[in-house]
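J.: structure for the following, please:
(one chain, ligands or ions: 1)
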Amino acid sequence: MDPQYSRDQFNNFQDFNSERSGPPEIRPEEITFEELIGTGSFGKVYKGRCRQKAVAVKLLHKQNYDAATLTAFRKEVHLMSKIYHPNICLFMGACTIPGKCVIVTELVPKGNLETLLHDQKMQLPLYLRMRMARDAALGINWLHESNPVFVHRDIKSSNLLVDENMRVKICDFGLSALKQKHKMLKDQSSAKGTPLYMAPEVMMFKEFNESSDVYSFGIVLWEILTRKEPFSHHRELEKFREAVCVKHERPIIPADCLESLRKLIEKCWDKDPQHRPSFKDIISSLDHIIIDAAISDLRGREFWKKNFITEQEVPSEAFIDALCNWAKAPTRNQCDKASLEYLNIKCLKAVLADSSKNEGSIVNIEKFGKILEFFGPMNETTAPGTTSIMDTIREVLSHKWFHGDLDTTEAASRLNGQPIGSFLIRFSSTNAGCFTISQVVGDNNSIKHQRVSRQGPKFIYQNILYNSLIEIVSKSAGGNNGDLPLNSNLGVPNYKFLALFCNVSSSSDTY
Ligand SMILES: Nc1ncnc2c1ncn2[C@@H]1O[C@H](COP(=O)(O)OP(=O)(O)OP(=O)(O)O)[C@@H](O)[C@H]1O
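T.: Numbers count the residues shown, from 1 in each chain. Presented below is the predicted three-dimensional model:
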């Protein structure tokens with residue numbers, strides 16, 4: 001060692017200047033194969049183990065490559081080993097010995113997005129699907145911004161893998177030396193195996209660049225939106241090619257699609273590659289689309305976009321401060337602990353924490369969207385006399401009969417042993433923005449659960465339109481089909497919300 005350098009300096013110097021191990025070559029005996037988890041056109045993918053770690057191992061169909069292809073393969077493996085991004089399936093190494101060629105990557109537990117999307121039993125709200133699309137776009141953008149640029153060339157939903165947290169990772173990038181440049185029909189009887197996601201210029205054997213990945217992403221976005229197979233009515237490659245390249249046929253976007261999403265999909269699959277957006281632009285558009293998908297309230301969307309455009313989860317304190325600022329109300333640190341504004345904040349926190357799985361320390365955009373569906377719409381101004389969303393929440397929570405997030409079983413247990421006519425009101429777990437009134441209606445604890453549905457800001461109960469839940473309780477006379485009236489004295493108290501009002505001497509009318 002050169003005496004001028006300390007050992008640390010020497011090691012840093014060595015790391016910086018030389019490749020210690022070159023391409024991450026893995027010896028064949030280090031890999032064990034377990035079950036088959038997928039088959040692609042140029043390899044089978046197995047769950048396996050390498051150096052004690054569960055991994056995915058792709059065993060290449062073809063093993064006898066000529067010297068030039070093998071050199072190109074090794075070069076690409078070397079480049080792939082330099083790409084690190086949370087939305088790109090981690091390349092861990094490869095065996096490039098002829099006859100034993102395999103690629104080892106991290107194992108992504110939920111498999112591919114195509115299977116997930118087409119499993120109709122799988123609950124995948126639009127918000128979540130759009131977040132998945134954004135994950136994929138972040139991964140592809142990373143490839144496109146790499147030096148040298150990686151054009152994926154095979155963006156499709158089966159190349160998007162889903163992890164245990166429903167985050168998406170791109171797989172199957174690089175290795176173009178081994179892949180066929182232009183895939184052809186595998187199965188003449190269906191469009192499967194055809195280049196369904198392939199840009200027209202690629203099908204016409206013109207040049208392939210980043211914007212061809214954008215086209216493919218447009219088709220994937222459509223598939224993520226509709227959960228249908230693209231171009232499923234096509235059977236023959238030639239007719240399909242003509243439809244897409246000459247007649248510019250594209251899948252039909254459903255009429256109820258968010259306008260922002262429709263525009264993005266149409267731009268992505270534009271026939272002119274130069275008119276397609278970059279992935280940087282796609283990510284920005286998806287930031288907006290995710291918010292549009294999670295929040296239906298127009299001012300709620302505006303609020304989130306203004307404060308947290310690229311975030312889907314924010315610390316609850318930051319969220320509450322932003323909402324206070326939006327409502328032009330004092331923030332947590334600015335208001336008097338005995339004030340109504342402080343009570344508003346406590347009520348908002350209680351509602352945020354109510355059904356939250358993370359004890360209320362984080363506010364998820366989806367959760368905010370749901371709260372607005374229940375308590376909205378959000379008002380534009382805070383001129384005197386205007387009720388802010390926080391006032392509305394406080395007013396509802398101040399009534400002892402309001403129980404928030406409660407399932408049917410728990411509602412029944414809270415009503416157990418209470419006199420006839422006793423009731424509580426809770427969020428409906430199945431219908432966005434709706435409530436359920438659970439009431440003891442007869443002896444033997446017989447309980448009736450009735451829906452309060454929504455018509456914009458109005459509430460419909462037993463076919464009558466009301467302005468608020470509070471109005472339902474004060475005016476509902478019962479009588480239909482022997483229904484009992486809602487007597488607020490018979491409201492079953494929810495002690496969790498009740499506690500918030502205990503130390504306040506002011507305007508809470510109920511406690
Ligand atoms: N790292 C991984 N973790 C979990 N599953 C994987 C992983 N890699 C691939 N798979 C599964 O194996 C399937 C086949 O993957 P592969 O990349 O070989 O083929 P493909 O992309 O579907 O086809 P082609 O190679 O023809 O483009 C994937 O769709 C996925 O279900």
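
J.: now the closest residue to residue 450 other than its chain neighbours, what's its secondary structure?
T.: Once flanking residues are discounted, residue 450 sits nearest to residue 437: 5.0 Å by Cβ to Cβ, 6 or more residues apart in numbering. Every C-beta, even on glycine, is put in place using the N, C-alpha and C of the backbone. Look at residue 437: counting by DSSP: H, G, I helix; E, B strand; the rest coil, its state is strand.

J.: pop the domain breakdown of the chain in here.
T.: Per the record, the chain has its domains at 7-106, 113-294, 298-395, 401-492, by automatic domain parsing.

J.: same question for the longest one, mean pLDDT?
T.: In other words, domain 113-294. The predicted model assigns domain 113-294 a mean pLDDT of 89.

J.: starting at the chain centroid, how far to it?
T.: 17 Å (Cα atoms, centre = their mean, to the nearest Å).

J.: what about that domain and the ligand, touching?
T.: Yes. Domain 113-294 is in contact with the ligand by Cβ under 6 Å from any ligand atom, via 154, 158, 159, 161, 171, 172.

J.: now the domains of the chain as TSV including mean neighbour count?
T.: TSV is the format used below for the domains of the chain (neighbours: other Cβ atoms under 10 Å):
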stretch	mean neighbour count
domain 7-106	15
domain 113-294	18
domain 298-395	17
domain 401-492	16
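
J.: now for those, which one comes closest to residue 501?
T.: Among the domains of the chain, domain 298-395 comes nearest to residue 501, with 7.3 Å by Cβ to Cβ.

J.: quick one: distance of that closest one to the chain centre.
T.: When distances are taken as Cα atoms, centre = their mean, domain 298-395 is centred 22 Å away from the chain's centroid.

J.: where does the stretch 351-500 of the chain dip in pLDDT?
T.: Counting by pLDDT under 70, the stretch 351-500 of the chain has low-confidence residues at 354-360, 380-386, 477-482.

J.: enumerate the residues of it near the ligand.
T.: Taking Cβ under 6 Å from any ligand atom as the criterion, the stretch 351-500 of the chain has no contact residues with the ligand.

J.: residues in contact with stretch 253-263?
T.: With contacts defined as Cβ atoms under 8 Å, 6 or more residues apart in numbering, stretch 253-263 is touched by 126, 130, 221-222, 225-226, 265-266, 285, 288-289, 292-293.

J.: can you tell me which of these is nearest residue 206?
T.: Distance to residue 206 across those (Cβ to Cβ) is lowest for residue 266, with 21.2 Å.

J.: and that closest one, how close does it get to residue 214?
T.: According to Cβ to Cβ, to the nearest Å, residue 266 and residue 214 sit 12 Å apart.

J.: next one: residue 107 relative to residue 323, how far apart?
T.: Separation of residue 107 from residue 323 (Cβ to Cβ): 41 Å.

J.: please see if stretch 24-43 touches the ligand.
T.: Yes. Counting by Cβ under 6 Å from any ligand atom, the ligand is contacted by stretch 24-43 at 37, 38, 40, 41, 42, 43.

J.: helix or strand for the residue of the stretch 201-350 of the chain found nearest the ligand, which one?
T.: Closest to the ligand within the stretch 201-350 of the chain is residue 216: 11.4 Å, counting by Cβ to the nearest ligand atom. Taking DSSP states H and E as the criterion, residue 216 maps to helix 210-226.
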